[in-house]
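Visitor: after the sequence you'll find the predicted model.
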Amino acid sequence: MTKLRLLVVDDEEINRDIIAEYLDSDEYELTMVEDGELALQRLREDALFDAVVLDRMMPGIDGLEVLRRMQADQRLRSVPVIMQTAAASREQIAEGLKQGAYYYLTKPYHRDALVAVVRSALEGMHRRRELNAEVEQYRGVMGLVQSARFRVQTLQQVRALAAAISSLASEPENVAIGLLELMINAIEHGNLGITFHEKASLLMSERWEEEVEQRLALPENADKFAEVAIEREPKLLRISIRDCGPGFDWRSYLALNESRALYPNGRGIAVARHVAFKTMEFIEPGNHVVAAFSSNT
């Protein structure tokens, strides 16, 4: 089994030792460095890290500056960063989120919290890589589509459709992630009623996909689906996603909110809005979202 490669950046040796103990597993290969300059050097020499666990407050080049430079480098921009720090005010967390640290841990933290957030970040990276690998196989046939309607019920169907539709995009990697997040939200929350806090608990215990499958098998969910429609316009594709649920208050999820930064979930809609689409609008009562992205033709 190929190990997942993590770069751990912290100027305190005891903190590096704690992280090494918490992440002591055959799953991970850890590289430890003690300052921001060394972190940037390792990242530039080897851009194949799966995630970075980054201390915010360090002498010299601090964590925020490392993050800024990663965001400015095309090769490093997509590497997920887990910011870990004792600076836990709302303003400080908000600053990290704005720089692209979608995952946050405040010291001291429990082992389970670190493992859950690392898993969430790595699963996001894994989904992006899987989708990128699948996009090309759909490009030829999907390029013929002018308009289409689909019905999806399962996570497997969602992943396949996200790859297929994103093959039409000028920036397929970003659009694929946005589509995936919106369609997963339609299935798990809209159709199956999994709440924000329930999902956080399920991710912490590594039971989220199992719970989704169990709820899909319930008789009351047998006829529920998400309808996905696409329409081609000049240089633009418009996508509509509607689930069978009662809707939700989406407004608080449109921005990367510091109140949810310490959870392993709750950032997907905001990421979709900011990085995937030219426009994105939820329609009352919240079980219908319409987004648009630039096409590759």
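Guide: All right, it came through fine.
Visitor: so which elements touch the top helix by length along the chain?
Guide: Scanning the chain for the longest helix, with DSSP state H as the assignment, gives helix 111-142. Packing contacts for helix 111-142, counted by 3 or more CB pairs under 8 Å, 6 or more residues apart in numbering; DSSP states H and E, involve helix 13-22, strand 51-55, strand 81-85, strand 103-106, helix 155-166, helix 172-185, helix 196-204. No exception for glycine: its C-beta is placed from N, CA and C like everyone else's.
Visitor: quick check: buried residues in it?
Guide: 113-122, 124-125, 127-128, 131-132, 134-135, 138, 142 (16 or more other CB atoms under 10 Å).
Visitor: what does stretch 63-75 give?
Guide: 63-64, 66-67, 69-71.
Visitor: would CSV of the residues you listed with secondary structure be doable?
Guide: As requested, the buried residues of stretch 63-75 are arranged in CSV below (DSSP: H, G, I helix; E, B strand; the rest coil):
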residue, secondary structure
G63, helix
L64, helix
V66, helix
L67, helix
R69, helix
M70, helix
Q71, helix
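Visitor: T195: which of those residues is nearest?
Guide: Set against T195, the nearest of the buried residues of stretch 63-75 by CB to CB is L67 (30.4 Å).
Visitor: touching, the closest one and K98? I think so.
Guide: No - under the criterion of CB atoms under 8 Å, L67 makes no contact with K98, lying 10.0 Å away.
Visitor: rewinding a little: what's the closest of the helices and strands packed on helix 111-142 to K3?
Guide: When the helices and strands packed on helix 111-142 are compared by CB to CB, strand 51-55 sits nearest K3, at 12.3 Å.
Visitor: pairing partners for that closest one, with directions?
Guide: The strands beside strand 51-55 in its sheet (DSSP bridges) come out as strand 4-9 (parallel), strand 81-85 (parallel).
Visitor: which one, of those, ends up nearest to E209?
Guide: Per CB to CB, nearest to E209 of the strands paired with strand 51-55: strand 4-9, 17.9 Å.
Visitor: and the closest one, which residues are buried?
Guide: Neighbour counts using 16+ other CB under 10 Å place 4, 6-9 of strand 4-9 among the buried residues.
Visitor: which residues touch stretch 182-201?
Guide: Applying CB atoms under 8 Å, 6 or more residues apart in numbering, the external contacts of stretch 182-201 come out as 152-155, 158, 161-162, 202, 208, 211-212, 215-216, 221, 224-226, 228, 241-245, 247-248, 260, 263-266, 268-269, 272, 287, 289, 291.
Visitor: cool, and stretch 61-69?
Guide: If you take CB under 8 Å, 6+ apart as the criterion, stretch 61-69 is touched by 9, 35-37, 39-40, 54-57, 76, 81, 83, 85, 95-96, 99-101.
Visitor: what's the answer for stretch 117-124, then?
Guide: Outside of stretch 117-124, the residues within contact range by CB under 8 Å, 6+ apart are 4, 6, 23, 50-51, 53, 80-82, 102-105, 177, 203, 206, 264-265.
Visitor: mind running it again at 7 Å?
Guide: Under the contact criterion CB atoms under 7 Å, 6 or more residues apart in numbering, stretch 117-124 has outside partners 4, 23, 50-51, 80, 82, 103, 105, 203, 264-265.
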